[in-house]
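Chemist: here you go, sequence then predicted model.
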Amino acid sequence: MKVKAFAKINLGLRILGKREDGFHEIDTTFAKIGLHDSLEFTSRNDSKIILAMEGAQILTQKNLVFRAAWLLQKFSPRKLGVNIFLKKRIPIGAGLGGGSSDAAATLKVLNKLWRLKLPREKLEEIATSLGSDIPFFLQSGIQRGRGRGEILEKIMLLKNFPREVLVVIPEFRVSTEEAFKSWQIHSGKSRQYTAYSIQNDLEVVAFKQFPELKKIKTELKKAGAEFASLSGSGSAVFGLFGKCEEVEGAAKKLERYGKIFITKVRE
């Protein structure tokens, strides 16, 4: 079985404070984009889980794809095995959710391939144990995420919402864990919001640590983006445009900052 695992962007990310379990309470909107990884699954006659990768080097035991398969295998009475080939296109450490998307794709495919027939609720439970944004990738459409990001609600974008996306990814990575720690130090106190807004609270700390990210956002707006933002904790910065030709023109102006991806919001 061959599948695509799509990247995401965050249309706003509000941090409401730190929870008792150590995670942060957030309010965000997840949107999938056309940029994707590819995965191929082949059944094995033994119980081995063999993972091969192209385009990245991640220790197998730490890879979310392997961990997702290993957890799901516990529900297989015969301990079925699988060969998995992962072709990475989504850059690591960019705030685009590549690893989470790969893990969600693995859960969905192996549930079918191994004929486990686990209900969606069980898959969501396994997904949440692996990572806060993995449950989103089990869903379709645009989703508002609350709690750790696992409490999801499907929403519709307005017809005139810009759907052409230009993603700019500089060469450096940003640690999600360190970004949230820095936000905690910077903000001091937990905050409450009565209304959701398209704003990424992590930009404050990310732009301070990496001024180039702020410059990329500014350049995206100058190039005609109707909206520009850091995605998650970064390092990816994206701009939303209304027309294809606008994106192509902007890409030429931003290519000096790193990798450029022209894509669309998926609904």
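Modeler: Arrived safely. Numbering: from 1, shown residues only.
Chemist: output stretch 82-100 as PDB, nothing but the C-alphas.
Modeler: C-alpha atoms of stretch 82-100 as PDB (Å, rounded to 0.1, in the frame of the first residue of the first chain):
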ATOM      1  CA  VAL A  82       5.700  -5.000   7.800                       C
ATOM      2  CA  ASN A  83       8.300  -3.400   5.600                       C
ATOM      3  CA  ILE A  84       8.000   0.400   5.500                       C
ATOM      4  CA  PHE A  85       9.700   2.600   3.100                       C
ATOM      5  CA  LEU A  86       9.500   6.300   4.000                       C
ATOM      6  CA  LYS A  87      10.500   9.000   1.500                       C
ATOM      7  CA  LYS A  88      10.900  12.300   3.300                       C
ATOM      8  CA  ARG A  89      10.100  15.600   1.500                       C
ATOM      9  CA  ILE A  90       8.800  17.500   4.500                       C
ATOM     10  CA  PRO A  91      11.800  19.100   6.200                       C
ATOM     11  CA  ILE A  92      12.400  18.100   9.800                       C
ATOM     12  CA  GLY A  93      12.200  20.700  12.600                       C
ATOM     13  CA  ALA A  94      10.200  23.100  10.500                       C
ATOM     14  CA  GLY A  95       6.900  23.100  12.300                       C
ATOM     15  CA  LEU A  96       5.100  21.400   9.400                       C
ATOM     16  CA  GLY A  97       4.200  18.200  11.300                       C
ATOM     17  CA  GLY A  98       6.000  15.800   8.900                       C
ATOM     18  CA  GLY A  99       6.800  13.200  11.500                       C
ATOM     19  CA  SER A 100       3.300  13.400  13.000                       C
END
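Chemist: pull out the buried positions in it.
Modeler: 82, 84, 86-91, 93-100 (16 or more other C-beta atoms under 10 Å). No exception for glycine: its C-beta is placed from N, CA and C like everyone else's.
Chemist: and after the lengthiest helix in the chain, which helix or strand comes next?
Modeler: Scanning the chain for the helix with the most residues, using DSSP state H, yields helix 98-113. Per DSSP states H and E, the first helix or strand lying C-terminal to helix 98-113 is helix 120-130.
Chemist: residues of that next one that come out buried?
Modeler: By neighbour count with 16+ other C-beta under 10 Å, helix 120-130 contains the buried residues 123-124, 126-128, 130.
Chemist: same check on stretch 207-218?
Modeler: Going by neighbour count (16+ other C-beta under 10 Å), the buried part of stretch 207-218 is 207, 210, 213, 216-217.
Chemist: could I get the full set of helices for the protein?
Modeler: 64-73, 98-113, 120-130, 176-187, 203-209, 211-222, 244-254.
Chemist: need these in a markdown table (columns: distance to P162).
Modeler: Output for those, formatted as a markdown table (distance: least, C-beta to C-beta, whole Å):
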| stretch | distance to P162 |
| --- | --- |
| helix 64-73 | 31 |
| helix 98-113 | 22 |
| helix 120-130 | 30 |
| helix 176-187 | 26 |
| helix 203-209 | 19 |
| helix 211-222 | 12 |
| helix 244-254 | 9 |
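Chemist: F241: which of the buried residues of helix 120-130 is nearest?
Modeler: Set against F241, the nearest of the buried residues of helix 120-130 by C-beta to C-beta is A127 (31.7 Å).
Chemist: low-confidence ranges in the chain?
Modeler: 22, 175-197 (pLDDT under 70).
Chemist: tell me which two of the buried residues of stretch 82-100 sit farthest apart.
Modeler: Distance extremes for these: the farthest pair is V82 and G95 at 29.0 Å, using C-beta to C-beta.
Chemist: excluding its backbone neighbours, what's nearest the residue nearest to the spatial centre of the chain?
Modeler: By C-alpha atoms, centre = their mean, the chain has its centre lying nearest to G97, at 2.0 Å. Leaving out its chain neighbours, the residue that sits closest to G97 by C-beta to C-beta, 6 or more residues apart in numbering is K8, at 4.3 Å.
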